[in-house]
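Trainee: give the three-dimensional model of this entry:
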Amino acid sequence: MVSDDILMEAEEHMDAAVDYLRKEFRGIRTGRASIGLVDHIKVDYYGSPTDLRQLVSIATPEANLIVIKPFDPSSIKDIEKAIYASDLGVTPVTDGKLIRLQVPALSMERREQLSAQLKKMAEACRVTIRNARREGNKEADRQQKASELTEDDCKRCKDEIQKFTRQYEDKVNEMLDTKTKEIRET
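Mentor: Residues are numbered from 1 along each chain as shown. Presented below is the predicted three-dimensional model:
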(Lines give C-alpha, C1' and ligand atoms only; values in the text may rest on other atoms or scores of the structure.)
Protein backbone atom coordinates (compact mmCIF):
# COMPACT_ATOMS: atom_id res chain seq x y z
CA MET A 1 0.00 0.00 0.00
CA VAL A 2 1.56 3.29 -1.08
CA SER A 3 0.78 6.73 0.29
CA ASP A 4 -1.93 7.30 -2.35
CA ASP A 5 -3.78 4.24 -1.09
CA ILE A 6 -3.49 5.44 2.50
CA LEU A 7 -4.85 8.85 1.53
CA MET A 8 -7.68 7.39 -0.51
CA GLU A 9 -8.76 5.06 2.28
CA ALA A 10 -8.67 7.82 4.90
CA GLU A 11 -10.67 10.15 2.65
CA GLU A 12 -13.24 7.42 1.93
CA HIS A 13 -13.80 6.86 5.67
CA MET A 14 -14.15 10.60 6.30
CA ASP A 15 -16.53 11.00 3.35
CA ALA A 16 -18.66 8.09 4.57
CA ALA A 17 -18.93 9.69 8.02
CA VAL A 18 -20.10 13.00 6.54
CA ASP A 19 -22.62 11.24 4.27
CA TYR A 20 -24.02 9.36 7.26
CA LEU A 21 -24.36 12.60 9.21
CA ARG A 22 -26.13 14.24 6.26
CA LYS A 23 -28.69 11.41 6.19
CA GLU A 24 -29.18 11.62 9.93
CA PHE A 25 -29.71 15.39 9.79
CA ARG A 26 -32.38 14.93 7.10
CA GLY A 27 -34.43 12.91 9.57
CA ILE A 28 -34.41 15.62 12.25
CA ARG A 29 -37.75 17.41 12.37
CA THR A 30 -37.59 21.17 11.92
CA GLY A 31 -41.25 22.14 12.28
CA ARG A 32 -41.59 22.27 8.53
CA ALA A 33 -42.94 19.33 6.51
CA SER A 34 -40.21 17.55 4.60
CA ILE A 35 -40.11 14.27 2.75
CA GLY A 36 -36.80 13.56 4.50
CA LEU A 37 -38.69 13.11 7.78
CA VAL A 38 -40.40 9.93 6.62
CA ASP A 39 -38.48 8.45 3.68
CA HIS A 40 -36.07 6.53 5.95
CA ILE A 41 -38.87 4.71 7.83
CA LYS A 42 -38.86 0.93 7.43
CA VAL A 43 -42.24 -0.76 6.92
CA ASP A 44 -42.83 -4.46 7.62
CA TYR A 45 -44.26 -5.23 4.18
CA TYR A 46 -45.21 -8.89 3.79
CA GLY A 47 -42.61 -9.92 6.34
CA SER A 48 -39.63 -7.98 5.03
CA PRO A 49 -38.48 -4.51 6.14
CA THR A 50 -38.95 -2.16 3.18
CA ASP A 51 -38.18 1.55 2.82
CA LEU A 52 -41.35 3.64 2.94
CA ARG A 53 -40.42 5.51 -0.24
CA GLN A 54 -40.59 2.21 -2.18
CA LEU A 55 -44.20 1.66 -1.15
CA VAL A 56 -45.72 5.13 -1.45
CA SER A 57 -45.69 8.48 -3.12
CA ILE A 58 -44.95 11.29 -0.68
CA ALA A 59 -45.97 14.91 -1.13
CA THR A 60 -45.86 18.09 0.96
CA PRO A 61 -48.79 20.21 -0.31
CA GLU A 62 -48.50 22.62 2.63
CA ALA A 63 -45.64 23.80 4.83
CA ASN A 64 -46.86 21.71 7.78
CA LEU A 65 -48.48 18.70 6.03
CA ILE A 66 -47.08 15.48 4.58
CA VAL A 67 -49.39 13.36 2.45
CA ILE A 68 -48.53 9.70 1.93
CA LYS A 69 -50.34 7.72 -0.77
CA PRO A 70 -49.59 3.97 -0.81
CA PHE A 71 -49.30 2.21 -4.15
CA ASP A 72 -50.98 -0.79 -2.48
CA PRO A 73 -53.95 0.41 -0.33
CA SER A 74 -53.87 -2.85 1.66
CA SER A 75 -50.50 -1.82 3.14
CA ILE A 76 -51.90 1.32 4.79
CA LYS A 77 -52.13 -0.31 8.25
CA ASP A 78 -48.52 -1.51 8.08
CA ILE A 79 -47.37 1.96 7.04
CA GLU A 80 -49.37 3.57 9.84
CA LYS A 81 -47.86 1.12 12.35
CA ALA A 82 -44.32 1.93 11.12
CA ILE A 83 -44.95 5.68 11.49
CA TYR A 84 -46.18 5.16 15.06
CA ALA A 85 -43.10 3.03 15.80
CA SER A 86 -40.73 5.65 14.37
CA ASP A 87 -39.50 8.40 16.66
CA LEU A 88 -41.22 11.14 14.66
CA GLY A 89 -43.64 12.33 17.32
CA VAL A 90 -46.38 12.87 14.72
CA THR A 91 -49.72 11.04 14.71
CA PRO A 92 -50.86 9.77 11.30
CA VAL A 93 -54.44 10.45 10.18
CA THR A 94 -55.82 7.87 7.73
CA ASP A 95 -58.87 8.03 5.49
CA GLY A 96 -58.47 4.59 3.92
CA LYS A 97 -56.53 5.78 0.85
CA LEU A 98 -54.15 8.45 2.19
CA ILE A 99 -52.15 9.07 5.31
CA ARG A 100 -51.78 12.66 6.44
CA LEU A 101 -49.11 13.80 8.88
CA GLN A 102 -49.66 17.20 10.45
CA VAL A 103 -46.24 18.51 11.48
CA PRO A 104 -46.70 20.77 14.52
CA ALA A 105 -44.58 23.84 15.15
CA LEU A 106 -41.67 23.29 17.52
CA SER A 107 -41.62 24.80 20.99
CA MET A 108 -38.54 26.74 22.07
CA GLU A 109 -37.66 23.98 24.54
CA ARG A 110 -37.87 21.34 21.80
CA ARG A 111 -35.70 23.49 19.52
CA GLU A 112 -33.02 23.58 22.20
CA GLN A 113 -33.23 19.79 22.65
CA LEU A 114 -32.87 19.27 18.90
CA SER A 115 -29.93 21.67 18.76
CA ALA A 116 -28.19 19.71 21.52
CA GLN A 117 -28.93 16.45 19.68
CA LEU A 118 -27.46 17.89 16.48
CA LYS A 119 -24.29 18.91 18.32
CA LYS A 120 -23.87 15.37 19.70
CA MET A 121 -24.34 13.86 16.26
CA ALA A 122 -21.84 16.29 14.73
CA GLU A 123 -19.28 15.54 17.45
CA ALA A 124 -19.69 11.79 16.85
CA CYS A 125 -18.99 12.43 13.17
CA ARG A 126 -15.90 14.48 14.02
CA VAL A 127 -14.64 11.62 16.21
CA THR A 128 -15.08 9.22 13.27
CA ILE A 129 -13.13 11.60 11.05
CA ARG A 130 -10.33 11.83 13.61
CA ASN A 131 -10.26 8.05 13.94
CA ALA A 132 -9.80 7.81 10.16
CA ARG A 133 -6.91 10.28 10.47
CA ARG A 134 -5.34 8.25 13.26
CA GLU A 135 -5.63 5.01 11.26
CA GLY A 136 -4.11 6.67 8.19
CA ASN A 137 -1.21 8.05 10.24
CA LYS A 138 -0.62 4.63 11.84
CA GLU A 139 -0.52 2.99 8.43
CA ALA A 140 1.94 5.61 7.14
CA ASP A 141 4.19 5.02 10.17
CA ARG A 142 3.95 1.26 9.71
CA GLN A 143 4.94 1.53 6.06
CA GLN A 144 7.83 3.85 6.89
CA LYS A 145 9.14 1.32 9.43
CA ALA A 146 8.79 -1.43 6.81
CA SER A 147 10.80 0.76 4.40
CA GLU A 148 7.86 0.95 1.98
CA LEU A 149 7.69 4.75 2.40
CA THR A 150 10.50 7.25 2.78
CA GLU A 151 10.51 9.63 5.72
CA ASP A 152 9.59 12.54 3.42
CA ASP A 153 6.71 10.57 1.83
CA CYS A 154 5.43 9.65 5.28
CA LYS A 155 5.51 13.30 6.37
CA ARG A 156 3.72 14.39 3.15
CA CYS A 157 1.12 11.68 3.62
CA LYS A 158 0.42 12.76 7.21
CA ASP A 159 0.17 16.41 6.14
CA GLU A 160 -2.32 15.47 3.42
CA ILE A 161 -4.38 13.41 5.86
CA GLN A 162 -4.47 16.39 8.23
CA LYS A 163 -5.64 18.59 5.34
CA PHE A 164 -8.49 16.14 4.63
CA THR A 165 -9.36 16.09 8.33
CA ARG A 166 -9.70 19.89 8.42
CA GLN A 167 -11.80 19.89 5.22
CA TYR A 168 -14.22 17.27 6.50
CA GLU A 169 -14.49 18.82 9.96
CA ASP A 170 -15.30 22.15 8.25
CA LYS A 171 -18.06 20.37 6.27
CA VAL A 172 -19.48 18.97 9.51
CA ASN A 173 -19.41 22.41 11.15
CA GLU A 174 -21.11 23.97 8.13
CA MET A 175 -23.83 21.30 8.11
CA LEU A 176 -24.35 21.75 11.85
CA ASP A 177 -24.63 25.53 11.55
CA THR A 178 -27.10 25.26 8.65
CA LYS A 179 -29.33 22.71 10.38
CA THR A 180 -29.23 24.54 13.72
CA LYS A 181 -30.21 27.79 11.98
CA GLU A 182 -33.05 25.97 10.19
CA ILE A 183 -34.37 24.61 13.48
CA ARG A 184 -34.21 27.96 15.27
CA GLU A 185 -35.94 29.86 12.43
CA THR A 186 -38.98 27.65 11.81
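
Trainee: list the contacts of residue 18.
Mentor: 125, 129, 168, 171-172, 175 (CB atoms under 8 Å, 6 or more residues apart in numbering). All C-beta spots, glycine's among them, are computed from the backbone N, C-alpha and C.

Trainee: redo that, cut-off 7 Å
Mentor: 125, 168, 171-172 (CB atoms under 7 Å, 6 or more residues apart in numbering).

Trainee: before we move on, what about residue 121?
Mentor: So residue 121 contacts 21, 24 (CB under 7 Å, 6+ apart).

Trainee: mind checking what secondary structure it has?
Mentor: helix (DSSP: H, G, I helix; E, B strand; the rest coil).

Trainee: any idea how far residue 93 is from it?
Mentor: 30 Å (CB to CB, to the nearest Å).

Trainee: report the buried residues of stretch 49-59.
Mentor: 50, 52, 55-56, 58 (16 or more other CB atoms under 10 Å).

Trainee: domain parsing for the protein?
Mentor: For the chain, automatic domain parsing gives the domain ranges 3-26+107-185, 35-102.

Trainee: what's the mean pLDDT across the last one?
Mentor: Put plainly, it is domain 35-102. What domain 35-102 shows for mean pLDDT is 84.

Trainee: list the contacts of residue 151.
Mentor: Counting by CB under 7 Å, 6+ apart, residue 151 touches residue 144.

Trainee: what about residue 68, neighbour count?
Mentor: 24 (other CB atoms under 10 Å).

Trainee: that one in helix, strand or coil?
Mentor: Look at residue 68: counting by three-state DSSP, its state is strand.

Trainee: what's the closest non-adjacent residue to it?
Mentor: residue 99 (4.2 Å; CB to CB, 6 or more residues apart in numbering).

Trainee: what helix or strand is the residue of the chain positioned farthest from its centre on?
Mentor: In the chain, the greatest distance from the average C-alpha position (CA atoms, centre = their mean) is reached by residue 147, at 39.9 Å. Per DSSP states H and E: residue 147 is located in neither a helix nor a strand.

Trainee: please look at residue 26 and residue 38 and confirm they touch.
Mentor: No: look at residue 26 against residue 38 with CB atoms under 7 Å: they stay out of range, at 10.4 Å.

Trainee: who has more neighbours, those two?
Mentor: Neighbour tally, residue 26 and residue 38, criterion other CB under 10 Å: the higher count belongs to residue 38, 24 against 14.

Trainee: mind listing what that one touches?
Mentor: Counting by CB under 7 Å, 6+ apart, the residues that residue 38 touches are 52, 58, 66, 68.

Trainee: and the residues you listed, which is closest to residue 182?
Mentor: residue 66 (16.9 Å; CB to CB).
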